[in-house]
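>>> Sequence plus the predicted model coming up.
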Amino acid sequence: MNGGGSVRFALSVLYVAFIGILFFFIGEALPRWAFHEDQFPFCSFRFEKGGKIYDKIYIRKWKSRLPDMSKIMKDMLPKTVNSRAGANDLQKLIKETCVAEFVHFCLCIFSVGVYFFWKNSIGVFLTALSVLGNIPFILIQRFNRPHLVCIRDKMIAREERKKHANTDIVG
């Protein structure tokens with residue numbers, strides 16, 4: 001790589017880092033009420049079979065090995081569910097999966113900007129590398145969301161049964 005190539009490579013890396021940081025803050029600022037897990041593009045598509053299709057790529061084995069910003073940024077909503085979690089907690093986590101998917105999709109789109117530093121096969125390669133680096137995070141959200149929705153719906157039903165049981169006792 002000549003001197004010009006080194007500069008363009010550095011600019012490419014800086015650009016990818018910049019859009020990553022920018023979209024992190026955009027994602028944090030987005031209103032969660034605007035994301036609907038039961039609507040396009042966040043709803044589970046028929047071919048996904050409620051997230052089961054991702055078992056074919058062994059997602060359960062590798063998803064926990066990827067970086068998780070909520071472990072780095074302590075003020076973020078943790079991406080785990082504990083035994084004390086209620087339906088509202090799960091709903092917040094479901095919304096976070098929508099936001100994370102949206103952010104990583106945007107990063108895929110904006111990764112095309114790397115091509116403008118190179119405008120040759122190196123640019124195509126680096127753009128593809130950046131896009132491919134975001135796709136696993138999108139797949140994780142699409143895998144987790146249907147499971148979380150199912151658990152949330154069961155919790156809502158359980159909370160409703162408890163509420164009705166308590167009103168039957170009081171009444």
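That came in fine, so what should we check first?

>>> middle-most residue in the protein, spatially?
Ala100 (3.0 Å; CA atoms, centre = their mean).

>>> tell me how far the helix or strand hosting it is from the chain's mean position?
Assigned by DSSP states H and E, Ala100 belongs to helix 87-110. Chain-centre distance of helix 87-110: 4 Å, with CA atoms, centre = their mean, to the nearest Å.

>>> Would you map the helices across this structure?
Taking DSSP state H as the criterion, the chain carries its helices at 3-29, 59-62, 69-72, 87-110, 115-118, 121-170.

>>> Give me the helix or strand of this structure that scores worst on average pLDDT.
Ranked by mean pLDDT, DSSP states H and E, the weakest helix or strand in the chain is helix 69-72, scoring a mean of 67.

>>> circling back: between the helices of the chain, which one is closest to Gly50.
helix 121-170 (4.3 Å; CB to CB). Bear in mind the C-beta positions are built from the backbone N, C-alpha and C, glycine included.

>>> pLDDT on the closest one, on average?
Taken as a whole, helix 121-170 has a mean pLDDT of 89.

>>> and it, what other elements does it pack with?
Where contact means 3 or more CB pairs under 8 Å, 6 or more residues apart in numbering; DSSP states H and E, helix 121-170 is packed against helix 3-29, helix 59-62, helix 87-110, helix 115-118.

>>> hmm, who's touching the second one?
Looking back up the chat, that one is helix 59-62. Pro136, Leu139, Ile140, Phe143 (CB atoms under 8 Å, 6 or more residues apart in numbering).

>>> Was I right to think the last one contacts Tyr54?
Yes. With contact taken as CB atoms under 8 Å, Phe143 and Tyr54 are classed as touching, separated by 4.1 Å.

>>> Which one's more surrounded, those two?
Higher neighbour count among Phe143 and Tyr54: Phe143, with 22 against 19, using other CB atoms under 10 Å.

>>> OK, contacts around the more buried one?
For Phe143, the contacting residues are Gly51, Tyr54, Ile59, Lys63, by CB under 8 Å, 6+ apart.

>>> Closest one to Phe42 out of those, please.
Looking across the contacts of Phe143 and measuring by CB to CB, the closest to Phe42 is Gly51, at 12.5 Å.

>>> Check the gap between the closest one and Cys43 for me.
As judged by CB to CB, to the nearest Å, Gly51 and Cys43 stand 12 Å apart.

>>> Between the two, which is the more surrounded one?
The residue with more neighbours, out of Gly51 and Cys43, is Gly51; 20 against 15, by other CB under 10 Å.

>>> The more buried one reaches Leu148, doesn't it?
No. Counting by CB under 8 Å, Leu148 is not a contact partner of Gly51; they are 9.5 Å apart.
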